[in-house]
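Asker: when you get a sec, could you give me coordinates for this:
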Amino acid sequence: MQNLKKFITRPFQQQEDVENQTFVQNVYAGITSKVSDVQQAAYNWKNFAIFFGIGICLILLSFTFLPMIILVPAKFGALFSLGSICIITSLYVIKGTKNFIQMFWNKQIYSAAYLICLIGTIYFSILSKNYILVLIFSFLQMFSLAWLFASSFPAGITGMKFITRQIFSLFKRFISLFRTNQSSFLPI
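Answerer: Okay, the predicted model is just below:
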């Protein structure tokens with residue numbers, strides 16, 4: 001009787017074994033893909049930190065040439081632009097190709113402003129050697145890079161709006177120091 005029971009239930013057990021084996025394989029594949037994703041994310045964060053750090057160092061190094069910008073605008077502009085490109089590359093590394101291109105396309109105003117300022121800084125520092133325009137385009141490039149970088153993170157635009165308002169109010173107060181009152185107390 002037991003042999004008959006084994007004979008009848010054996011095909012069902014083989015089906016359960018196949019299902020269990022498929023389940024174990026799916027779980028194993030899911031775990032290995034998650035581990036791979038975590039390893040890739042750690043690698044991306046490491047590369048992000050490297051590129052971002054190099055970019056900040058190049059921008060700080062470019063400021064050492066700021067007092068000599070009249071004599072050598074190319075050194076300041078090239079170092080500043082190279083640092084800016086490294087910071088954008090760090091954003092590319094952390095976002096990935098597809099997400100970076102999508103972000104760059106969705107933020108067309110910030111992207112276009114950044115690219116125009118980058119090209120302007122390089123052009124006026126290396127080809128035209130106009131130090132005033134190098135300073136203007138470098139400042140605009142830094143500003144547009146900050147907006148582009150901040151807009152790629154949650155609540156980044158809100159923070160940049162606050163910082164921009166604070167900078168403009170400080171600038172207005174600074175300009176108001178040089179304004180003279182038009183009203184005169186002298187009777188004429």
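Asker: going along the chain, name the strands of the protein.
Answerer: Counting by DSSP state E, the chain has no strands at all.
Asker: show the pLDDT at the residue nearest to G159 when sequence neighbours are not counted.
Answerer: Once flanking residues are discounted, G159 sits nearest to A150: 6.2 Å by C-beta to C-beta, 6 or more residues apart in numbering. Every C-beta, even on glycine, is put in place using the N, C-alpha and C of the backbone. Per-residue pLDDT puts A150 at 79.
Asker: what about A150, how many neighbours?
Answerer: 17 (other C-beta atoms under 10 Å).
Asker: touching, it and I157? I think so.
Answerer: Yes. Assessed by C-beta atoms under 8 Å, A150 is found in contact with I157 at 6.4 Å.
Asker: hang on, the earlier thing: now the residue nearest to G159: how far from F162?
Answerer: 11 Å (C-beta to C-beta, to the nearest Å).
Asker: again, but for Y123
Answerer: On the measure of C-beta to C-beta, Y123 and F162 end up 33 Å apart.
Asker: those two: which is more packed in?
Answerer: Set side by side, Y123 and F162 show more neighbours around Y123, with 15 against 10, by other C-beta under 10 Å.
Asker: for A49, which non-adjacent residue is closest in space?
Answerer: S90 (7.7 Å).
Asker: right, and the one you found touches I56 too?
Answerer: No. In this structure, S90 is not within contact of I56 by C-beta under 8 Å, at 9.6 Å.
Asker: tell me which of those two has more neighbours.
Answerer: Neighbour count, other C-beta under 10 Å: between S90 and I56, S90 has more, with 22 against 14.
Asker: show the contacting residues for that one.
Answerer: 47-52, 55 (C-beta atoms under 8 Å, 6 or more residues apart in numbering).
Asker: switch to 10 Å and redo it
Answerer: 44, 47-56, 149 (C-beta atoms under 10 Å, 6 or more residues apart in numbering).
Asker: swap in N44?
Answerer: 90, 93-96 are the contacts of N44 under C-beta under 10 Å, 6+ apart.
Asker: out of those residues, who's nearest Q102?
Answerer: K95 (8.6 Å; C-beta to C-beta).
Asker: how many neighbouring residues does the nearest residue to the closest one once chain neighbours are set aside have?
Answerer: Ranked by C-beta to C-beta, 6+ apart and with sequence neighbours excluded, the top spatial neighbour of K95 is M103, at 6.2 Å. M103 has 18 neighbours, counted by other C-beta under 10 Å.
Asker: and the pLDDT at M103?
Answerer: Reading off the model, M103 has pLDDT 82.
Asker: and it, how far is that from S84?
Answerer: 17 Å.
Asker: same deal with K98?
Answerer: Applying C-beta to C-beta to K98 and S84 gives a distance of 23 Å.
Asker: which one's more surrounded, those two?
Answerer: S84 (24 against 8).
Asker: so what's the more buried one up against?
Answerer: 55, 58-59, 62, 114, 117-118, 121, 138, 141-142, 144-145, 149.
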